[in-house]
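Q: I'll drop the sequence and a predicted model, then ask my questions.
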Amino acid sequence: MSRTDISSAGRWRWLSGGRQRRQEEIILMLLCALSIPSILPFGIYRLLQGSWASAAVDMALVSGMFAVIVHVWRTGRYQIASLGVTIFYSLGMLTTVYLRGVSLVYWVYPTMIAAYFVLRPTVALAINSVGLVALVGILVSQLAVVNLMTIVVTIGLVNLFAYIFAYRTGLQNKELHTAVELDFLTGIGNRRALERKLAEHAQERRPHLESSLLLLDLDHFKQVNDQYGHAAGDKVLIRLAELMRRHTRSSDRLFRYGGEEFAIIASGAGLSAAARLAEGLRAAVASATLLESHPITISIGVTYMNKEHTPAEWLAQADKMLYAAKQDGRNAVHVAYGSDYAESL
Ligand SMILES: Nc1nc2c(ncn2[C@@H]2O[C@H](COP(=O)(O)OP(=O)(O)OP(=O)(O)O)[C@@H](O)[C@H]2O)c(=O)[nH]1
């Protein structure tokens, strides 16, 4: 885990129950948690007034929010819960307006905006549009056309602005994520991207999606820098990344995780396929001209990403193999076979 990840995880630790949680989970739980004190007093007030139907709607909303918090807290699953909360909230809001009339239409605005916090903008817009049509159906007999139009136009504008804001924020987040995870020199993933991909694979529940990890290191790269200069060294790094791209599948993920250290997550590759890929890469680099008048070679350590082990253990195992390849005289591939690993050549 990078230092930034550790510090942001620390910031949310009190909310996460000691577990690392996605931002979406926390937003959904916070939204539900804030809804409870916002709705509960009205539910109690209506109970005291004897407005049983309205009180029942309020109490159902409060109980629903509480159930969602418990579900997301325990399972970490937020996608279906987000959709469920939005639909549940919208139905509650419509029922309240139906039961108590137009004076409660103010609840429509925060309810609809909340949808953009927990759902993709297009899904939120679709649900809110259906909600708006239903609202018009409820209010059409109670209001003059001009008043109904005012409500429709203001709700429409609130949705339009919320949609544009959510869409732009999503786009910026995506761009930021891409930029933060790219190696500026070679254009492949950086260490942060590698750590995220390893963590994702560790959490992947489908057992047939196996992968292997290759760690590659340029041999005697210091000599290249010392003899030809840093710019020539940079050119070698760029050319090596290009060669790696050509020799891997589009589903494989490439990273520069250190100065002259690269990694590949070979998707769908068991240990034998990964060993063949590593050997092919080693031979391709040895026979390519990455630097004119100077032979360039790489050493590679390979390990199977066994789900019984952690990302840190995969990295340590591959690093051990890389070290062994260096000890073996370099320009070599070492593969972690043994009882710990699922496959052998
Ligand atoms: N040009 C360039 N050089 C880099 C970059 N990052 C690290 N290096 C160089 O990579 C070299 C790594 O040297 P060492 O760790 O001694 O490894 P080595 O010379 O490759 O030796 P072995 O790994 O043992 O084969 C150093 O000279 C670093 O300056 C970079 O971004 N560009």
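A: Done, it's in. The structure displayed is predicted, hence computed values, not measured ones.
Q: Could you tell me which residues of the protein lie near the ligand?
A: For the chain, the contact set with the ligand under CB under 6 Å from any ligand atom comprises 185, 217-222, 225, 230, 233-234, 237, 259-260, 326, 330. The way it works is simple: take the backbone N, C-alpha and C, and place the C-beta from them, glycine included.
Q: if we go to 8 Å?
A: 185, 217-226, 230-234, 236-237, 258-260, 299, 326, 330 (CB under 8 Å from any ligand atom).
Q: if I've got this straight, A266 is in a strand?
A: Yes - under DSSP: H, G, I helix; E, B strand; the rest coil, A266 sits within a strand.
Q: That one is in contact with S212, isn't it?
A: Yes - with contact defined as CB atoms under 8 Å, A266 reaches S212; the gap is 4.8 Å.
Q: Of all the residues in the lengthiest helix in the chain, which ones are buried?
A: Determined from DSSP state H, the single longest helix within the chain is helix 145-180. Neighbour-count burial for helix 145-180 flags L148, I151, I155, V158, N159, A162, Y163, A166 (criterion: 16 or more other CB atoms under 10 Å).
Q: Are any of the residues of the chain next to the ligand buried, and if so which?
A: Buried among those by 16+ other CB under 10 Å: D217, L218, D219, F221, V224, N225, G233, V236, L237, E260, S299, K326.
Q: Tell me what D217 is bridged to.
A: For D217, the beta-bridge partners are E261, S299 (DSSP bridges).
Q: so where do the helices sit in the chain?
A: So, for the chain - with DSSP H - the helices run 3-16, 23-49, 52-75, 79-100, 108-118, 121-139, 145-180, 191-203, 221-228, 230-246, 271-287, 311-327.
Q: Show me how the record splits the chain into domains.
A: 3-180, 191-335 (automatic domain parsing).
Q: Tell me which of those domains is the most buried.
A: Mean neighbour count, computed with mean count of other CB atoms under 10 Å, is highest for domain 191-335 among these, reaching a mean of 18.
Q: Can you pull out the low-pLDDT segments for the stretch 1-150 of the chain?
A: For the stretch 1-150 of the chain, applying pLDDT under 70 flags the ranges 1-19.
Q: Apply 50 and report the result again.
A: 1-10 (pLDDT under 50).
Q: can you check the stretch 201-345 of the chain too?
A: 339-345.
Q: so who does I296 touch?
A: I296 makes contact with L218, D219, V224, V236, L240, V285, A286, A288, L290, according to CB atoms under 8 Å, 6 or more residues apart in numbering.
Q: just curious, which of those is nearest to W73?
A: Checking the contacts of I296 against W73 by CB to CB gives L240 as the nearest, at 45.5 Å.
Q: isn't that closest one right up against L290?
A: Yes - the pair L240 / L290 is scored as a contact, 6.0 Å apart, by CB under 8 Å.
Q: quick one: the residue of the stretch 51-200 of the chain found nearest the ligand from R256, how far?
A: In the stretch 51-200 of the chain, the residue that lies nearest the ligand is L185 (5.9 Å; CB to the nearest ligand atom). Counting by CB to CB, to the nearest Å, the gap from L185 to R256 is 7 Å.
Q: Now list whatever residues contact both of the two.
A: L237.
Q: The residue of the chain positioned farthest from its centre and G101, how far apart?
A: Distance from the centre of the chain peaks at A144, with 47.6 Å (CA atoms, centre = their mean). A144 sits 14 Å away from G101, going by CB to CB.
Q: what's the answer for R74, then?
A: 39 Å.
Q: tell me the contacts of M244?
A: I188, L216, L254, F262, I264, L281.
Q: Pretty sure the fifth one sits against K197.
A: I take that to be I264. No - I264 is beyond contact range of K197, at 10.6 Å (criterion: CB under 8 Å).
Q: can you tell me the residue of the stretch 101-250 of the chain closest to the ligand?
A: For the stretch 101-250 of the chain, CB to the nearest ligand atom, closest residue to the ligand: G233, 2.5 Å.
Q: Tell me the spacing between that residue and G259.
A: Computed as CB to CB, the G233 to G259 distance reads 9 Å.
Q: Now do the shared contacts for these two.
A: Joint contacts of G233 and G259 (CB under 8 Å, 6+ apart) are F221.
Q: where's the residue lying closest to L132 once chain neighbours are set aside relative to V97, distance?
A: With CB to CB, 6 or more residues apart in numbering as the criterion, L132 has its nearest non-adjacent residue at 5.6 Å, and that residue is I155. Plainly put, I155 is 12 Å away from V97 if you go by CB to CB.
Q: Can you check which residues contact both of those two?
A: Counting by CB under 8 Å, 6+ apart, the shared contacts of I155 and V97 are V108, L135.
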